[in-house]
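1. would you be able to build a 3D model of this:
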Amino acid sequence: MQTSKFLSVRALDQFLDGLGASAARRRQLDMVRGELERALDRGALPVGARRSLQRLLEKEALDPYVRLAESGTLRHRRVDGGLPPTSEATNEIRRKCIDLLREALGLPALRLGGGEIALQPAPEAATLSALSRQLDQYLAGAMSPAQTRLTALLAVELDTAARSGELVELRTTDLGEDNAAVYVERRPQGGGAIEGEWVETSVLTRAALERWLDVRKDFVRRAHGTSKLWVSLWMNHDGVLDDQGNTVIRPPPVMFSAVLQRDCWPPGPGGAVGDADERSDYRLARRNARPLAGGRSA
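-> Numbering: from 1, shown residues only. Take a look at the predicted model:
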């Protein structure tokens with residue numbers, strides 16, 4: 001990360017380095033850091049916020065910052081050629097990061113903005129059965145590498161009720177013999193002990209994983225080997241710059257379908273996906289789902 005011209009942002013960089021946040025939280029904090037620097041660069045914050053970290057995190061500076069950030073003006077990259085407003089999930093993460101920084105500095109939390117994200121209902125058994133049948137139909141025919149990967153990923157998700165981050169962490173060593181089980185490390189959204197669990201896979205998931213692993217070998221060979229289960233179908237950084245001089249980042253290693261997170265999946269408080277109670281509801285719905293045509297279990 002390039003050294004900032006603003007004293008307050010340089011102080012924030014040092015502060016973040018000593019904060020001891022998790023890798024996921026640090027990425028969120030770095031997002032806020034970048035937005036704050038761009039807000040200062042636009043002259044949108046009080047002059048004192050340029051020199052003092054404490055002034056940067058005072059309400060007088062944070063109010064205009066949050067308004068600009070939520071409008072999309074402070075985005076680092078354009079989306080479809082524009083700067084659309086950031087999502088409610090991103091807005092909530094931003095508010096939490098602001099309060100985390102203030103409390104770490106001994107300042108009271110501000111509790112800015114709209115509060116927790118509304119929960120979505122657990123998916124119904126009929127919805128999950130329909131998805132299983134669709135995946136079964138895909139497996140009966142020819143599939144592109146992207147469709148093969150997504151089919152396997154969704155099949156694993158249906159069996160495990162894993163959060164997206166837990167799916168990303170899966171490796172080939174987490175698969176049991178003949179893909180009959182998968183080992184998932186449950187990572188609580190708010191921190192706490194990580195608990196591992198072996199989950200038996202359905203016939204559908206075993207078939208989907210077998211198809212994906214066969215395709216995956218060619219991409220792993222090109223990428224010089226990795227044990228990660230979900231590998232990229234593209235080389236992410238090819239050295240080509242966009243019209244703003246930024247590195248073009250291609251689709252990330254796991255293109256986790258928004259279908260499950262948005263339409264079929266109950267976020268927990270603050271946007272956490274699949275906390276304990278919601279997972280229980282999900283698994284109950286899975287057990288009530290009808291078997292697939294052709295004898296495969298759902």
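2. tell me the confidence at the closest residue in space to residue 50 that isn't next to it in sequence?
-> Take residue 50 and drop its neighbours on the chain: the residue closest to it by Cβ to Cβ, 6 or more residues apart in numbering is residue 6, 5.0 Å away. All C-beta spots, glycine's among them, are computed from the backbone N, C-alpha and C. Looking at residue 6, its pLDDT reads 95.
3. and for residue 6, the neighbour number?
-> As a burial measure, residue 6 scores 19 neighbours (other Cβ atoms under 10 Å).
4. and for residue 13?
-> Residue 13: 16 surrounding residues under other Cβ under 10 Å.
5. first-to-last residue distance for stretch 109-122?
-> With Cα to Cα, to the nearest Å as the measure, stretch 109-122 spans 32 Å from end to end.
6. list the contacts for residue 212?
-> Taking Cβ atoms under 8 Å, 6 or more residues apart in numbering as the criterion, residue 212 is in contact with 148, 149, 151, 152, 153.
7. the second one against residue 215, yeah?
-> Yes: when contacts are counted by Cβ atoms under 8 Å, residue 149 is listed as touching residue 215 (7.1 Å).
8. who has more neighbours, those two?
-> More neighbours sit around residue 149 than around the other of residue 149 and residue 215, counting by other Cβ under 10 Å; the figures are 25 against 19.
9. so what's that one closest to, chain neighbours aside?
-> With Cβ to Cβ, 6+ apart as the measure, residue 212 is the residue that lies nearest to residue 149, at 5.6 Å, once sequence neighbours are left out.
10. same check on residue 205?
-> Leaving out its chain neighbours, residue 205 is closest to residue 155 (Cβ to Cβ, 6+ apart), at 4.1 Å.
11. quick one: the helices in the protein?
-> 7-17, 23-41, 53-56, 59-71, 88-104, 125-139, 145-160, 164-168, 203-222, 258, 276-288 (DSSP state H).
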